[in-house]
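Chemist: Here is the input, now give the coordinates:
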Amino acid sequence: MNTKQIVAVVVVLVIIVAAAAVTLSMNDGDKKKEGLYTLDANVVEVTMGGITASPKIVDSIEGLYSDIYGELADDTLTIEDAKADTAFWEKYCTYEPMITDNGDGTFTVISTDGKGPVEVELGVMDKMISTSTIYLTTIYYLICMKYDETPYSEEALANKELVAEYQKVVAGGTTLDYISSNTELIDYFDADGYIDGGANTLSNYETETLAQNIEDASSDGSKVVLIASGGMRASSVDLPFIDRTVRAAGGQSGIFLSVTDIPQAFASIELLGYLFGYGEYVEPMIQDLQERLYKVYYSLQNTDVTHKIYWETYDGTSVKLSGMSGEIVDFFGWDDSLVTGGEVDTETILMEKPDILIFYTNDQRSDDEKMRA
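Modeler: Numbers count the residues shown, from 1 in each chain. Got it, this is the predicted structure:
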């Protein structure tokens, strides 16, 4: 990785001022700084749902760059410039498709049975039951593009047709509590109409509940598919059995994906776009995301600023730099030596002097608890 690639994986902390990252201090009167406050580090917050393989990952990266570095080095760069930069394009934009258009109204989707890839033949789907914010977030962006609305804007939420279509497609699965604490999408959901599966992973999804959820979603004649992770977290789940359960309950199939990096995020967007009838928006969306991503990448190549981070979960331990969190840190080029995946004591953090501290938005601890004051 180019040593000039720098940092950031964040957006704003609880005491935010207009969405800009801020430095926390305890310099009020005679109050002395304690704990991690003594570092005078940028303390920033990231939404867990923004660090997933959905279109929001690019929003998060843009926001992080803006908050920490300011203006882009060149905001006029195009998709052609991105493609011409072969190092960037090959690393971040080249992917193996997960879906193929068969030209007869059907698609071949690449899923997994827990041991290897399997091909699933499907037509256009009407609804999904899912166990991840990745898929419901991606569908949201696609529907926003269809209605020419900016994601998360007041106008998007006020668009009744957009909201109704979103509620129809994203039929159920992931709990509303999890959606509320990990995304900015809860206002788009109708608690009375949404089929809350009571689980957020396949391993916690009761078989009887899943079957009933599929049956309920299919009861109006809709074509329903289960979409869930087929990665490491699903390693203890009998995926073929889950697929048979879905089909027996009236669903079309279980689709199990492993999406852990930026190129696979683009492949996932492509898959969901075509599978749910938003094919015409796939290419413009992906190209827009790739162009915007390249502007940040290019800007990072043109700065000599370096950063060391400490990124903590809500339970006070360091995050694991796997999946998209690791991908983002790699993209920005941060020194992540303190991000161990386990407990890091205060003395070590103070000695190592990270200049950026990262927390999640769903961390319910007080600022002083986070800062170990």
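Chemist: where along the stretch 101-250 of the chain do the strands fall?
Modeler: Remark: strands assigned in the stretch 101-250 of the chain by DSSP state E, counting those that start in this stretch are 107-112, 117-122, 127-130, 170-173, 195-196, 224-229.
Chemist: mind listing what residue 122 touches?
Modeler: Residues near residue 122 by CB atoms under 8 Å, 6 or more residues apart in numbering: 106, 107, 109, 225, 252, 253, 275. (C-beta placed from N, C-alpha, C; glycine too.)
Chemist: Is the closest residue to residue 322 other than its chain neighbours part of a helix or strand, or is it coil?
Modeler: Leaving aside its sequence neighbours, residue 322 sits nearest to residue 260 (CB to CB, 6 or more residues apart in numbering; 7.4 Å). On the three-state scheme (DSSP: H, G, I helix; E, B strand; the rest coil), residue 260 is labelled coil.
Chemist: show me what contacts residue 260?
Modeler: Shown in contact with residue 260 (CB under 8 Å, 6+ apart): 53, 231, 322, 323, 324, 327.
Chemist: So which of those sit within helices?
Modeler: The helices in this structure, assigned by DSSP state H, contain 323, 324, 327 from these.
Chemist: distance of the second one from residue 281?
Modeler: Translated: residue 324. The gap separating residue 324 from residue 281 is 22 Å, by CB to CB, to the nearest Å.
Chemist: Between these two, which is the more surrounded one?
Modeler: Under the neighbour definition other CB atoms under 10 Å, residue 324 and residue 281 were set side by side, and residue 324 has more, 23 against 18.
Chemist: ok, how many other residues are close to the residue nearest to that one when sequence neighbours are not counted?
Modeler: Distance criterion CB to CB, 6+ apart; nearest residue to residue 324, sequence neighbours excluded, is residue 51 at 5.1 Å. Residues contacting residue 51 under the criterion other CB under 10 Å number 23.
Chemist: I'd say residue 51 and residue 60 touch.
Modeler: Yes. Using CB atoms under 8 Å, residue 51 is in contact with residue 60, at 6.4 Å.
Chemist: Tell me the one of the contacts of residue 260 nearest residue 264?
Modeler: Nearest to residue 264 among those: residue 53, at 5.9 Å, using CB to CB.
Chemist: Am I right that that closest one is in contact with residue 135?
Modeler: No. With contact defined as CB under 8 Å, residue 53 does not count as touching residue 135 (9.5 Å).
Chemist: Please enumerate the shared neighbours of these two.
Modeler: Here residue 53 and residue 135 have residue 268 as joint contacts, going by CB under 8 Å, 6+ apart.
Chemist: where does the protein have low pLDDT?
Modeler: Per-residue confidence for the chain (pLDDT under 70) gives these ranges: 1-32, 231-235.
Chemist: From the recorded domain assignment, give the ranges for it.
Modeler: Domains of the chain are assigned by automatic domain parsing as 35-69+303-370, 89-294.
Chemist: What is the end-to-end distance of the shortest one?
Modeler: With CA to CA, to the nearest Å as the measure, the first residue of domain 35-69+303-370 is 9 Å from its last.
Chemist: same question, stretch 270-281
Modeler: End to end - CA to CA - stretch 270-281 spans 9 Å.
Chemist: If we ignore the residues flanking it in sequence, what's nearest residue 155?
Modeler: Among residues not flanking residue 155 along the chain, residue 149 sits closest, at 5.5 Å (CB to CB, 6+ apart).
Chemist: wait, doesn't that neighbour sit right on residue 161?
Modeler: No. Counting by CB under 8 Å, residue 149 does not reach residue 161; the two are 10.1 Å apart.
Chemist: residues making contact with stretch 182-200?
Modeler: Here stretch 182-200 has contacts from 47-49, 129, 131-133, 136-137, 140, 152, 157, 163, 166-167, 170-176, 178-180, 205-206, 209-210, 213, 216-217, 362, using CB under 8 Å, 6+ apart.
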